[in-house]
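K.L.:
fold the following for me, if possible:
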Amino acid sequence: MSQHKVVLLLGSNIGDKKNNLDIALDKLKSVGSLLRNSEYLTSEPVDFVSSNNFCNIATIIFTHFSPIQLLNEIKKIEIEMGRINDSRKSGGYTDRIIDIDIITYNELKFSSEKLEIPHKKHLFDREFSKILLKDFI
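P.N.:
Below is the predicted model:
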């Protein structure tokens with residue numbers, strides 16, 4: 001089985017945000033080996049209004065999962081941690097205990113109803129993402 005290099009971006013804006021990220025990073029060990037993490041970064045919500053700021057972190061993992069398999073595993077982690085709303089299904093962003101996005105997967109360009117790689121909004125539009133990803137991409 002070959003290993004794929006994947007960059008993920010994690011965010012939380014409910015409860016103990018940093019601890020939520022640490023728990024999610026620990027759970028991600030079930031889908032691959034973590035290579036390195038960025039520093040934690042606090043940011044304001046993007047594309048929705050909330051008084052809860054986010055704590056964010058980027059990580060690089062190596063995984064044998066395909067992009068869709070990895071997405072499914074990530075969604076399981078989000079649900080295990082108590083995430084209720086999925087922005088793709090609900091049609092908008094809300095506060096969330098955890099959000100894990102696949103930013104890049106090797107050099108793959110992939111688009112489906114469920115997943116777009118690379119994640120263009122994080123790579124090009126969101127300032128907090130650019131800060132976190134500057135040493136990863």
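K.L.:
okay, now Asn106: neighbour count?
P.N.:
When neighbours are counted by other C-beta atoms under 10 Å, Asn106 registers 11. Where you see a C-beta, it was placed from the backbone N, CA and C, and this is true even at glycine.
K.L.:
excluding covalently adjacent residues, which one is nearest to it?
P.N.:
In space, and not counting its chain neighbours, Asn106 is closest to His4: 5.3 Å by C-beta to C-beta, 6 or more residues apart in numbering.
K.L.:
where does the prediction get shaky in this protein?
P.N.:
Counting by pLDDT under 70, the chain shows low-confidence ranges at 1, 85-92.
K.L.:
could you rerun that using 80?
P.N.:
For the chain, applying pLDDT under 80 flags the ranges 1-2, 47-48, 84-94, 121-125, 137.
K.L.:
can you give me the helices for it?
P.N.:
For the chain, the helices defined by DSSP state H occupy 17-28, 67-80, 87-90, 120, 127-133.
K.L.:
quick check: buried residues in the first one?
P.N.:
Of the residues in helix 17-28, 17, 20-25, 27-28 count as buried by neighbour count, 16 or more other C-beta atoms under 10 Å.
K.L.:
tabulate those residues (CSV), appending distance to Asp99.
P.N.:
Formatted as CSV, the buried residues of helix 17-28 follow (distance: C-beta to C-beta, whole Å):
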residue, distance to Asp99
Lys17, 11
Asn20, 10
Leu21, 10
Asp22, 15
Ile23, 13
Ala24, 9
Leu25, 13
Lys27, 14
Leu28, 13
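K.L.:
name the nearest of these relative to Thr42.
P.N.:
Nearest to Thr42, judged by C-beta to C-beta, of the buried residues of helix 17-28 is Lys17 at 8.4 Å.
K.L.:
look up how far Gly11 lies from that closest one.
P.N.:
Using C-beta to C-beta, to the nearest Å, one gets 8 Å for the distance from Lys17 to Gly11.
K.L.:
likewise for Asp99?
P.N.:
5 Å.
K.L.:
so which residues of this structure form strands?
P.N.:
Applying DSSP state E to the chain gives strands spanning 4-12, 33-37, 41-43, 54-63, 99-105, 110-111, 116-117.
K.L.:
out of those strands, flag the one nearest Ile79.
P.N.:
If you check each of those against Ile79 by C-beta to C-beta, strand 99-105 wins as the nearest, at 11.2 Å.
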